[in-house]
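In: Sharing a sequence plus its predicted fold:
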Amino acid sequence: MNESIRRACVIGWPIGHSRSPIIHGHWLKKHGIAGEYGKRAVKPDELEEFLLGLSAHGLVGCNVTVPHKEAAFRIITRANPEGVSALARALGAVNTVWLDEWGRVRADNTDVYGFMANFHEGAPDWRAAGKHVVIIGAGGAARAVVAGFSQEGVARVTLANRTLEKAERLAQELAGIGEAALAAAPLSALPALLAEADVLVNTTSLGMSGQPPLNIDLSPLPDHAVVADIVYAPLKTALLEQAELRGLSTVDGLGMLLHQAVPGFAKWFGVRPEVTADLRALVEADIEREQGGA
Ligand code: ATR
């Protein structure tokens, strides 16, 4: 093995069709870096050995995806309690792992950064002060979105979820993460909530290819509302299509995937890369190939 080549990868179980190798491969080429980024299927019972033996595996770090984000947080917190960022501790999940200059394992959660960076790119004039954000869902992705808006200083975040208790638990758990007042509601409350929402975000997998659609009537939303979806396959979900027909600003899910990759690349390869139109086009083409069944 050539020791001068820095290697990272994404781990999951199964790892299937992760797009991270396309993203990091593009940046490695663009910056002329002697590095590699692959993907590895790591079984849950192999996770600890893998994460605590990164250098033995020839790696400088990795991204962590489903279903390992929470377990990776626990493993790395036990191994190096100071090595996990405050944000990752608040979320109880990590997606980016690296070795520091002393070879100790460290981790962060860049999903919050990825979501918010993409949101601001899609809605450049948007400001947080006084805003009410309505989030559909109360799973792992909802946690990152609540944290992002709350830390930016919106006034209110309401979690609307099929299982009300789950939304209530999440609102309680994240109450101290930022300035916003957090509340929970059942999906049946959406029409009334939308009438007083400035932002609507879908954090569920509804609307993704192969999943049931997300059937929501957007007509109660005010004309200035921004609608965001974390689903990126298809790129334009039915929710975003409906929002566009209403003339509302929209933010699609692909940019979150691209932006969350930036901090990891910077840690592993020493260059902070940019999310550019050519990178986006490359990943879009891959999604379209898959959507077309090719
Ligand atoms: P992730 O960690 O990726 O966010 P998750 O924890 O499985 O995924 O959360 C999925 C979210 O989608 C949940 O809020 C779930 O609602 P419940 O808490 O009631 O399970 C929501 N969801 C999934 N399928 C749904 C459906 N058919 N109708 C409404 N909500 C659904």
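Out: Structure's in. What do you need?
In: all strands in this structure, in order from the N-terminus.
Out: 6-12, 35-41, 61-64, 96-99, 105-108, 132-136, 156-161, 181-186, 199-202, 226-229, 249-251 (DSSP state E).
In: The ligand is nearest to which of those?
Out: Among the strands of the chain, the nearest to the ligand by C-beta to the nearest ligand atom is strand 156-161 (4.8 Å). Glycine gets a C-beta too; all of them are placed from N, C-alpha and C.
In: Spit out the contact partners of Gly35.
Out: Contacts for Gly35 (C-beta atoms under 8 Å, 6 or more residues apart in numbering) come out as 5-8, 28, 268-269.
In: Pull the most distant pair out of the residues you listed.
Out: Greatest spatial distance among the contacts of Gly35 (C-beta to C-beta): Ile5 and Trp268, at 11.6 Å.
In: Tell me which of those two has more neighbours.
Out: Taking other C-beta atoms under 10 Å, Ile5 and Trp268 do not tie; Trp268 has more neighbours (25 against 12).
In: was I right about that one contacting Arg6?
Out: Yes - checked against C-beta atoms under 8 Å, the pair Trp268 and Arg6 is within contact range at 6.1 Å.
In: Quick one: neighbours of Ala129, just the number.
Out: By the criterion of other C-beta under 10 Å, Ala129 has 9 neighbours.
In: and the closest residue to it other than its chain neighbours, what does it touch?
Out: Leaving aside its sequence neighbours, Ala129 sits nearest to Gly153 (C-beta to C-beta, 6 or more residues apart in numbering; 6.3 Å). Neighbouring residues of Gly153 by C-beta under 8 Å, 6+ apart: 128-129, 178-180.
In: Could I get the full set of helices for the stretch 1-150 of the chain?
Out: 20-30, 47-51, 69-79, 86-91, 111-122, 140-152 (DSSP state H, counting those that start in this stretch).
In: Let me have these in a markdown table, extended by mean pLDDT and mean neighbour count.
Out: Below are the helices of the stretch 1-150 of the chain laid out as a markdown table (pLDDT from 0 to 100; neighbours: other C-beta atoms under 10 Å):
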| stretch | mean pLDDT | mean neighbour count |
| --- | --- | --- |
| helix 20-30 | 98 | 19 |
| helix 47-51 | 98 | 19 |
| helix 69-79 | 98 | 18 |
| helix 86-91 | 95 | 18 |
| helix 111-122 | 98 | 21 |
| helix 140-152 | 97 | 24 |
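In: Out of those, which gets nearest to the ligand?
Out: helix 140-152 (2.9 Å).
In: Show me what that closest one is packed against.
Out: Judged by 3 or more C-beta pairs under 8 Å, 6 or more residues apart in numbering; DSSP states H and E, the packing partners of helix 140-152 are helix 86-91, helix 111-122, strand 132-136, strand 156-161, helix 164-173.
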